[in-house]
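Enquirer: Take this sequence and fold it.
(2 chains)
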There are 2 protein chains.
Amino acid sequence: MSLATHTTPLQIRPFEPADWPAVWQLLEPVFRAGETFSHDPTITEGEARVAWVEQSQAVMVAVVATGALVGTYYLRPNSLALGAHVANAGYVVADHCRRQGIGSRLCQHSLQVARRVGFRLMQFNLVVSTNTAGIRCWQRNGFQVVGTLPGAFRHRQLGYVDALVMVHALVAEPTP
Amino acid sequence: MSLATHTTPLQIRPFEPADWPAVWQLLEPVFRAGETFSHDPTITEGEARVAWVEQSQAVMVAVVATGALVGTYYLRPNSLALGAHVANAGYVVADHCRRQGIGSRLCQHSLQVARRVGFRLMQFNLVVSTNTAGIRCWQRNGFQVVGTLPGAFRHRQLGYVDALVMVHALVAEPTP
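Expert: Reported below is the predicted structural model:
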């Protein structure tokens, strides 16, 4: 983790409705690329807002000193009632701001929020195996690979590629 | 696998609206028990119908010679667009018909249907680790454990227990 991680002034705060156009600017190229999220690459702006904002328990944005919005994440239960103590999150960082540790900051922030609101485990269900920067980032932040789902993601460029399930405990003893 | 597996006359056919009361009779005790499915144990009949029938791509029922409905399963995509080639399924067998291989018959049938409609992988996301009969049944039918999610299921009797992710390839090469 570079020093930049801790020196870039970055505010992470709850999403507000006025943030949506800037959030969509971040999400659109990522969804269109079809390389990391499972959404249909032809997703509409309205569908994306439902998926990112309305279906989430919390949405956060990362803002730099200039006021520019450079990242966002969502946090939500990963499953129904008897699995609702497991959190799920997704992160997007502006392309021109990569390699500055912003993804790590968002990840750490999401783990803190998840722990604070009572989740016991954070789980990523479909980490695309070719997303090596993301995987490295999450591993640096304490996530472990639980297993590999063969060919579970249809990468827009590469076709069927493996996907990983990753988890991070949020309590000392997930199984008491 | 006992001989009974192949000798019990059992018809597996698509769910019809008139089957719902009998299907709900199968589902209700299982959902109320809170030991295998993540649904809220206080789920209403209407919510259960949405969850089992309306949110599925296919629902099947198993009927014995007397006409009694003794099992059911659903089949649906496990994820959004770029993960929609992975199937998910869930099975329930009447309590008084256990140990007759009906679960295996449903499982084999679901794999055939999933393959026929073009799915490439079948995935179970949250197999409760204490459901040893289910796990053995799925392993006998070719499923493999991908990994373990620590404490991911809140068992109504046992508290937080581990859950397994299991998969079964439906094509020769899931990652071409």
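
Enquirer: where's stretch A:121-131 relative to the chain centroid, distance-wise?
Expert: Put simply, stretch A:121-131 sits 9 Å off its chain's centre (C-alpha atoms, centre = their mean, to the nearest Å).

Enquirer: Nearest residue to A:W138 in space, ignoring adjacent ones along the chain?
Expert: A:M166 (5.8 Å; C-beta to C-beta, 6 or more residues apart in numbering or on different chains). Using the backbone N, CA and C atoms, a C-beta is placed for each residue, glycine as well.

Enquirer: What is the neighbour count of that neighbour?
Expert: When counting by other C-beta atoms under 10 Å in any protein chain shown, one arrives at 21 neighbours for A:M166.

Enquirer: Same check on the one 5 residues further on?
Expert: Other residues near A:V171 number 16, with proximity taken as other C-beta under 10 Å.

Enquirer: That one contacts A:M122, doesn't it?
Expert: No. Using C-beta atoms under 8 Å, A:V171 is not in contact with A:M122; the gap is 10.9 Å.

Enquirer: Can you list the low-confidence ranges for chain A?
Expert: A:1-8, A:176 (pLDDT under 70).

Enquirer: Which parts of chain A are helices?
Expert: Secondary structure of chain A (DSSP state H): helices at A:4-7, A:20-33, A:45-49, A:102-116, A:132-140.

Enquirer: right, so of these, which gets closest to A:H39?
Expert: Among the helices of chain A, the nearest to A:H39 by C-beta to C-beta is helix A:20-33 (5.0 Å).

Enquirer: Now that closest one: buried residues?
Expert: Using 16 or more other C-beta atoms under 10 Å in any protein chain shown as the test for burial, helix A:20-33 gives A:20, A:22-24, A:26-27, A:30-31.

Enquirer: Also stretch A:109-126?
Expert: Neighbour-count burial for stretch A:109-126, counted by 16+ other C-beta under 10 Å, picks out A:109-111, A:113-115, A:119-126.

Enquirer: just checking: which of the residues you listed also lie near chain B?
Expert: Checked against chain B using C-beta under 8 Å from any C-beta of the partner chain, the buried residues of stretch A:109-126 yield the following neighbours: A:120-121, A:123, A:125-126.

Enquirer: export these to JSON lines and tack on distance to B:D162?
Expert: Below are these laid out as JSON lines (distance: C-beta to C-beta, whole Å):
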{"residue": "A:R120", "distance to B:D162": "12"}
{"residue": "A:L121", "distance to B:D162": "11"}
{"residue": "A:Q123", "distance to B:D162": "13"}
{"residue": "A:N125", "distance to B:D162": "16"}
{"residue": "A:L126", "distance to B:D162": "20"}
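
Enquirer: Just give me the closest of those to A:V92.
Expert: Closest approach to A:V92 among these (C-beta to C-beta): A:L126, at 15.2 Å.

Enquirer: so who does that closest one touch?
Expert: By C-beta atoms under 8 Å, 6 or more residues apart in numbering or on different chains, the contact set of A:L126 is A:38, A:149, A:152-153, A:163, A:165, B:79, B:83.

Enquirer: List the ones among the residues you listed that fall in strands.
Expert: Per DSSP state E, strands hold the following members of the contacts of A:L126: A:149, A:152-153, A:163, A:165.

Enquirer: I'd like these as TSV, with distance to chain B and neighbour count appended.
Expert: As requested, the ones in strands among the contacts of A:L126 are exported to TSV (distance: C-beta to the nearest C-beta, whole Å; neighbours: other C-beta atoms under 10 Å in any protein chain shown):
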residue	distance to chain B	neighbour count
A:L149	6	26
A:A152	5	31
A:F153	6	30
A:A163	7	28
A:V165	6	23
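
Enquirer: Could you find which two of these are furthest from each other?
Expert: Greatest spacing in these, by C-beta to C-beta: A:F153 and A:V165 (11.9 Å).

Enquirer: got the contact list for the residue nearest to A:W138?
Expert: Neighbour list for A:M166: A:123-124, A:127, A:135, A:138-139, A:143-146 [criterion: C-beta under 8 Å, 6+ apart].

Enquirer: Just the CA trace of stretch A:102-119, in CSV.
Expert: Only the C-alpha atoms of stretch A:102-119 are listed here, as CSV (Å, rounded to 0.1, in the frame of the first residue of the first chain):
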residue,chain,number,x,y,z
ILE,A,102,-9.0,5.1,-3.1
GLY,A,103,-10.4,1.6,-3.5
SER,A,104,-8.7,0.5,-0.3
ARG,A,105,-10.1,3.5,1.5
LEU,A,106,-13.6,2.7,0.3
CYS,A,107,-13.1,-0.9,1.2
GLN,A,108,-11.9,-0.1,4.8
HIS,A,109,-14.7,2.4,5.2
SER,A,110,-17.3,-0.2,4.1
LEU,A,111,-15.9,-2.7,6.6
GLN,A,112,-16.2,-0.2,9.4
VAL,A,113,-19.8,0.7,8.4
ALA,A,114,-20.8,-2.9,8.0
ARG,A,115,-19.3,-3.8,11.5
ARG,A,116,-21.0,-0.7,13.1
VAL,A,117,-24.5,-1.6,11.8
GLY,A,118,-24.1,-5.2,13.0
PHE,A,119,-23.1,-7.4,10.0
